[in-house]
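1. whatever this is, show me its structure:
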Amino acid sequence: MALVLHAGNNNKNAFKALIAAEYSGVKVELVKNFEMGVTNKSTEFLKINPIGKVPVLETPDGPLFESNAIARYVTRLKTDNPLFGSTLIEYARIEQWIDFASLEIDPNIGRWFYPRLGFIAYLPQAEEFAISSLKRGLSALNTHLASNTYLVGHSVTLADIIMTCNLVVGFSQVMTKSFTSEFPHVERYFWTMVNQPNFHKILGEVKQTESVPPVQSAKRPSQPKEPKKEAKKEAKKEAKKEPEKPKVVEAAEEEEAPKPKPKNPLDLLPPSKMVLDDWKRLYSNTKTNFREVAIKGFWDMYDPEGYSLWFCDYKYNDENTVSFVTLNKVTGFLQRMDLARKYAFGKMLIAGAEPPFKVKGLWLFRGQEIPQFVIDECYDMELYDWKKVDLSDEAQKERVNQMIEDQEPFEGEPLLDAKCFK
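-> The predicted structure is shown next:
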C-alpha cells in the first residue's frame, strides 16, 4: 500500500520525500486534486496538520509533517539504506549537511525570492543581507565540492537530495548564470544531481533562470466574504423585481480580468540602428586586439540618438575600507539592475591598491535619460553621482574607451576588480 503525501505537484519540499522514495524502493503517491490555499485550509487537512503547512505524509501510525522529517522517515523504511551512509561518522555528516542546507541555503534563497513576488514586504537592505548570506553559504559549499563529487562519501545520500531540492528554487528563480558562475563546483554538483535518473523522474527538466524577477507590490489580502454574501442577498431581492438584474450582479462579482501589462516606455521609442545584443555579443567574444575590434565596433554601432552614455561615481568611497564588502556592494547593485538588462550595458570598476577603494562606472542606456523605472526600482542609483557623457569632449570619449577595456592602471590606480553588466 502506498503512502499518501499531501502537497502540490511542484512543491520542492515534497520532492525530498519523493526522490528518497525512488532511491529506497518505497511507494509514495501525491494526493490527487490538491490545491494550495484551498485544500490545506480545509477542516480535514487541519486535522492532520493544525497549522495548514505542506507537505504532510499519511503513515500507518498517523500523519507526519515537516519535509526533512518526512524524507528521513521514508529513507528509514529501507533497512541499512545507503542514503544514510555506512558508518556513524557518515551519518553524522549527512545530518550536518542537511542542517546546512536548511539553515544556510534554503532560508536565504527564500528571503531573496519571496519578497520580490510580493508575498512579504520587500526591503532592499534585507535583500542585500540575504544575498550576502547566501553567497557565504554557497562559498563554503563550493569549497567542499571542489574535492568531493557528493556531500558525503562516494554516492548520493539524503543530504544530496535535500540540498538539491533547496537549490532548485534558487537556480530556477533567482540565481542567474552570472550569479552562480562564482561557484563553479556548486554548478557542477547541481547539474549532476538534477540529471540523475531518480532526480529527473521527480523534478523533470530544470532550467536556470535568465533574470531575477522584478519587485512586485505586496499581495493584498482578499476582500472579506461577508460583503459578497450581502451583495448576493441584495441581488436576489432585485431579481424578484427585475429578472434581468442577477446577470449584471453575477458579472460584477466575477474577478476582474487581468489588464494587459503596459509596455515599457523604452519600447515605444523610435527604432535605433544600434542593436544592443550585437554589441554585447561583440564585447563577450573579443579576446584579442580589444581596441581595434571591440572598441572600434562599439563606436561603429553606437547611435547617439537612440542611446546615451553615463558616468557614475560612488558617493561614499570613504566607506569602502574592506575589499570583499566593496565587491559585494557592486555585485548587489548589478543584480538589482537585472530589470534593465534589455535596455542597458554597464561597466563597474573598483580601483585602488589599498583602501578606501573607489567605485566608478560607465552605463549605456536606451534613450536620452536614465530610465525612470530604473531610478524608481533600484535604490542603488541614488548612491552614485551621475553625469552624462559629452561625446564632443575627446577626453570623456577616451575615458569611455578605457572603462570598456578595463584599462589598468585606470586614472593612475590599479584595478581591484572590474565587473560587466550585459
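2. check contacts around residue 270.
-> Contact partners of residue 270, counting by CB atoms under 8 Å, 6 or more residues apart in numbering, are 305-306. Backbone N, C-alpha and C define where each C-beta goes, glycine included.
3. help me confirm that it is found in a strand?
-> No. Assigned with DSSP: H, G, I helix; E, B strand; the rest coil, residue 270 falls outside any strand and is coil.
4. against residue 372, how distant is it?
-> 18 Å (CB to CB, to the nearest Å).
5. centroid-nearest residue for this structure?
-> residue 174 (1.0 Å; CA atoms, centre = their mean).
6. so that residue sits against residue 212, correct?
-> Yes. Applying CB atoms under 8 Å, one finds residue 174 in contact with residue 212, separated by 5.2 Å.
7. scan the chain for its longest helix.
-> Using DSSP state H, we find that the single longest helix of the chain is helix 124-145.
8. and the contacts of that one?
-> Helix 124-145 is contacted from outside by 100, 104-105, 108-109, 111-112, 115-116, 151, 163, 170, 180, 182-186, 188-189, 328, 332, 335-336, 379, using CB under 8 Å, 6+ apart.
9. before we move on, what about stretch 51-71?
-> Stretch 51-71 is contacted from outside by 3-8, 11, 13-14, 16-17, 20, 28, 34, 36, 40-41, 45-46, 48-49, 73-74, 98, 102, 158, 161-162, using CB under 8 Å, 6+ apart.
10. okay, now residue 126: neighbour count?
-> With neighbours defined by other CB atoms under 10 Å, the count for residue 126 comes to 14.
11. re the thing from before, show me how to select, in PyMOL, the buried members of the contacts of stretch 51-71.
-> Applied in PyMOL, the following selects the buried portion of the contacts of stretch 51-71 according to 16 or more other CB atoms under 10 Å:
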select buried, resi 3+5+6+7+8+11+13+14+16+17+20+28+34+40+45+48+49+73+74+98+158+161+162
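12. in helices, which of the contacts of stretch 51-71 appear?
-> Counting by DSSP H, those place 13-14, 16-17, 20, 45-46, 48, 73-74, 98, 158, 161-162 in helices.
13. and the end-to-end length of stretch 264-273?
-> 19 Å (CA to CA, to the nearest Å).
14. which parts of it are buried?
-> 266, 272.
15. oh, and call the first residue 34 from now on, that's how I've got it
-> New numbering, starting at 34: the last item is stretch 297-306.
16. in the protein, which helix or strand is least confident?
-> Of all helical and strand segments in the chain, the minimum by mean pLDDT, DSSP states H and E falls on helix 278-286, at a mean of 36.
17. residues making contact with the helix or strand hosting residue 333?
-> Assigned by DSSP states H and E, residue 333 belongs to helix 329-334. When contacts are defined by CB under 8 Å, 6+ apart, helix 329-334 is touched by residues 306-308, 311-312, 315-316, 319, 437.
18. tell me the one among those nearest to residue 401.
-> Using CB to CB, residue 307 is the member of the contacts of helix 329-334 that sits closest to residue 401, with 13.4 Å.
19. near the closest one, how many other residues are there?
-> Residue 307 has 18 nearby residues by other CB under 10 Å.
20. please enumerate the helices of the stretch 334-455 of the chain.
-> 356-369, 405-410, 427-438 (DSSP state H, counting those that start in this stretch).
21. rounded mean pLDDT for the shortest one, please.
-> Looking at helix 405-410 alone, the average pLDDT works out to 90.
22. can you pull the alpha-carbon coordinates of that helix into PDB?
-> What follows is helix 405-410, C-alpha atoms only, in PDB (Å, rounded to 0.1, in the frame of the first residue of the first chain):
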ATOM      1  CA  GLN A 405      12.700  56.300 -14.800                       C
ATOM      2  CA  PHE A 406      11.800  52.700 -13.900                       C
ATOM      3  CA  VAL A 407      15.400  52.100 -13.000                       C
ATOM      4  CA  ILE A 408      15.600  55.100 -10.800                       C
ATOM      5  CA  ASP A 409      12.300  54.100  -9.100                       C
ATOM      6  CA  GLU A 410      13.100  50.400  -8.600                       C
END
